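> Return a 3D structure for these sequence lines:
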Amino acid sequence: MKKKQKFCIVTTARSGSGWLYTLLDSHPQIKAFSEPFIWRKYRPYWTDKQFPSYYDFKNSVSKKSLWTLFKYLDILDSYKDEKNFDIIGFKVMYYQIIENPELLIKIIFDRYKIVHLVRQNYLDILISRSALQQNGLAHSTKTTKETTQVTLNISSLIKDLSRLERNYKIIRIFLKLIPLPVMEIKYESLVRNRDQVLCLLADFLGVDSNSITFGSEFKRTNSGGYKDKIANYNQVVKILESSKYANFLST
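All right, here's what the predicted structure looks like:
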C-alpha cells in the first residue's frame, strides 16, 4: 500500500497552532489533527478511534518499546474519513519532541514535510499562557470583545522571554540540519496576510492553492492592547524598556 504524504506543524504552545491546523483541515485535500502527543488530561475529548491519541494508544499496548511510537504513526497510513485527502498531518510541540525523541526518527524515515510555526512576539506567548491558566480556555468558537487581564511574573520575565527565544533558535538550527523540506511560517504574517500565507503553504504541501477558501471556527479569545491585557503594565514596561525585548510592546 502506498504511504500517504505526511506533514507536521512544529511549534511551541500558544503560538496559533490550533488556528492553523483547523485552517489546514478545512482544505478538501488535507486531513489535519490536533496534538496527538498531548497528555489525556489536557485533551479529554479526543474520541477518534481510527487515530487515537498517543496516550490512549500507548496504554492499550501491553509491551511498550521504541517501536510503539512507530506503530502508532503508521496508523496514519490507513486512516480514512469522508474527505478524499492527499496529505495528512498533526501538530507537535517542542517539548513533546523532547519527551519522545524517537518521533524524529519516524518523521525523517517517513519523509514528513515540516511546517515550523513561529510567534515572533514572545511577550504575546506569555500573555496567552497566563490567560489560559487564569480562565482555562484554550480556544473558543465564539467572538468576544472582553479582555482578560493577566499579571506577568516580573522577576522571571526576561528569563522567560529568553527561554522562548533560545528554544526557537535551537529548533530552527535543528530543522535546517535534518534532510526534510521545511517551511517556516510566522504567526504575525498569518494574521496580517492569511490567504496569501495559506496559499504558499498549500503549494509547499503539494495541494491545490487556487479557488480554495480556508476557514476556521476558532476566534480570538483575548482582545485589546497591552495596557488592557497586562494588569501590571507599568512594571512590565520598566523591565522591558532597557532590554532587547523593548520592541515587543510596540508591535
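> all contacts plus neighbour counts: C-alpha atoms, from now on.
OK.
> which residues sit against stretch 57-71?
Stretch 57-71 is contacted from outside by 54, 72, 102, 103, 106, using Cα atoms under 8 Å, 6 or more residues apart in numbering.
> which of the residues in it are buried?
Neighbour-count burial for stretch 57-71, counted by 16 or more other Cα atoms under 10 Å, picks out 57, 58, 68, 69.
> got a markdown table for these, with pLDDT too?
Below are the buried residues of stretch 57-71 laid out as a markdown table (pLDDT from 0 to 100):
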| residue | pLDDT |
| --- | --- |
| 57 | 92 |
| 58 | 91 |
| 68 | 95 |
| 69 | 95 |
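> residue contacts, the closest residue to residue 167 other than its chain neighbours?
Using Cα to Cα, 6 or more residues apart in numbering and skipping residues adjacent in sequence, the residue nearest residue 167 is residue 94, 8.0 Å away. Taking Cα under 8 Å, 6+ apart, we find residue 94 in contact with 10, 11, 12, 167, 171.
> ranges for the helices of the stretch 101-250 of the chain?
Counting by DSSP state H, counting those that start in this stretch, one finds helices in the stretch 101-250 of the chain at the ranges 102-109, 122-135, 157-177, 187-192, 194-205, 226-229, 233-240.
> between the ones you listed, which one is nearest to residue 83?
Proximity to residue 83 (Cα to Cα) singles out helix 194-205 among the helices of the stretch 101-250 of the chain, at 16.6 Å.
> Mind giving me the packing neighbours of the closest one?
Judged by 3 or more Cα pairs under 8 Å, 6 or more residues apart in numbering; DSSP states H and E, helix 194-205 is in contact with strand 182-186, helix 187-192.
> tell me the mean pLDDT for the shortest one?
The pLDDT scores in strand 182-186 average 97.
> Please name the strands paired to it in the sheet, noting orientation.
Applying DSSP bridges, strand 182-186 is found paired with strand 113-118 (parallel).
> The strand it pairs with vs helix 157-177, what angle?
Comparing the axes of strand 113-118 and helix 157-177 via axes from the mean of the first three to the mean of the last three Cα atoms, to 10 degrees yields an angle of 160 degrees.
> average pLDDT across strand 113-118?
Mean pLDDT, strand 113-118: 98.
> Repeat that for stretch 21-35.
On average, stretch 21-35 scores 93.
> Could you list the residues in contact with that stretch?
Stretch 21-35 is contacted from outside by 9, 18, 53, 83-92, 207-208, 212-218, using Cα under 8 Å, 6+ apart.
> From residue 202, how far off is the closest residue to residue 5 other than its chain neighbours?
Leaving out its chain neighbours, the residue that sits closest to residue 5 by Cα to Cα, 6+ apart is residue 87, at 4.9 Å. Residue 87 sits at a distance of 10 Å from residue 202 (criterion: Cα to Cα, to the nearest Å).
> Over to residue 43?
Counting by Cα to Cα, the gap from residue 43 to residue 202 is 28 Å.
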